[in-house]
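S.K.: I would like to see how this sequence folds:
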Amino acid sequence: MIAKTAIVELLGRTPLFGSLDEAERHAVAEEMREVNFDPSQVIFARGDAGREIYLVVSGRVRLSVLTAEGRELSFAHAEAGAIFGEIAMLDGGPRSADATAVGKVSALSLSKPALKRLMETQPHVADAAVRFLCSRIREADQQLEAIALYPIEGRLARFFLAAARAKAPDSEEGRVTIDLPISQSELALLIGASRPKVNTALSMLESSGALERNGSKIVCDIEELQAIAGAE
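M.R.: Below is the predicted model of the structure:
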């Protein structure tokens, strides 16, 4: 069982609840319940009613949709500290994507009635929800821009740069080691490319010194990745 103090601390590191003060995060923690999912378990499917929002404690959740041709397009992975399932919860519509546990996943869920109570009794929760949804829209715009405008190596560089900055937010130079236990096929789905092309692009990034791979451990050279990504 996860201690309430640990939940409050975890909530403080999330983009949705991080702006709340400790008392407000305690109120949120009191409404959350622990849930666990097995590898490959479908947490919810596109079209389902949105009854809960989830906060990942450990593990990884793949968020994806099926194209008209039956091809799965994975557009995001929710890792420890990430929140998912918020869109249908807040707008009352159906789930917009499938959510599947990549491995064993431990999470915290917050029901729709509980969130409604919090928004009524804790006004800052409603403000935080609006800011969170706006940030999601910005992220989606940036992802679409990357797929449309950047070559595969540029998309990969941006992906690894974002992962490195999430691990070490203050790092603008030097090397950051991240753990990425996903296959090249999963990575290909995330950036909208084929696995063979991703393999070629990964080799190019390694040859340039931007990456060093050792199993799931990847050493990212921030400056090299910035140069390839075209980031300032």
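S.K.: Would you mind giving the domain segments of the protein?
M.R.: Residue ranges for the domains of the chain, per the TED database: 4-147, 150-230.
S.K.: can you redo those as a markdown table with mean neighbour count and mean pLDDT?
M.R.: Every C-beta, even on glycine, is put in place using the N, C-alpha and C of the backbone. Output for the domains of the chain, formatted as a markdown table (neighbours: other CB atoms under 10 Å; pLDDT from 0 to 100):
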| stretch | mean neighbour count | mean pLDDT |
| --- | --- | --- |
| domain 4-147 | 16 | 85 |
| domain 150-230 | 17 | 84 |
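S.K.: Now residue 189: closest residue in space, sequence neighbours ignored.
M.R.: Spatial nearest neighbour of residue 189, excluding adjacent residues (CB to CB, 6 or more residues apart in numbering): residue 74 at 3.5 Å.
S.K.: so where do the helices sit in the protein?
M.R.: For the chain, helices defined by DSSP state H occupy the ranges 4-12, 22-31, 86-91, 112-121, 123-149, 152-167, 184-191, 195-207, 222-229.
S.K.: Nearest to residue 56, out of those helices?
M.R.: Nearest to residue 56, of all the helices of the chain, is helix 4-12, at 9.5 Å by CB to CB.
S.K.: For residue 5, see how far away the one residue sitting closest to the centre of the chain is.
M.R.: The centroid of the chain falls nearest to residue 78 when counting by CA atoms, centre = their mean (3.4 Å). Separation of residue 78 from residue 5 (CB to CB, to the nearest Å): 23 Å.
S.K.: Tell me if I'm right that residue 121 and residue 27 touch.
M.R.: Yes: the criterion here is CB atoms under 8 Å, and residue 121 meets it with residue 27 at 7.4 Å.
S.K.: show me the residues around residue 82 that make contact.
M.R.: By CB atoms under 8 Å, 6 or more residues apart in numbering, residue 82 lies in contact with 14, 55-56, 61.
S.K.: Residue 90 too?
M.R.: Residue 90 neighbours (CB under 8 Å, 6+ apart): 129, 133.
S.K.: Next: the one 3 residues further on.
M.R.: Contact criterion CB under 8 Å, 6+ apart gives 50, 87 as the residues in contact with residue 93.
S.K.: Now it: phi and psi?
M.R.: Backbone torsions of residue 93, given as degrees, to the nearest 10, read phi -90, psi -180.
S.K.: what about it, distance to residue 87?
M.R.: Relative to residue 87, and taking CB to CB, residue 93 is found at 7 Å.
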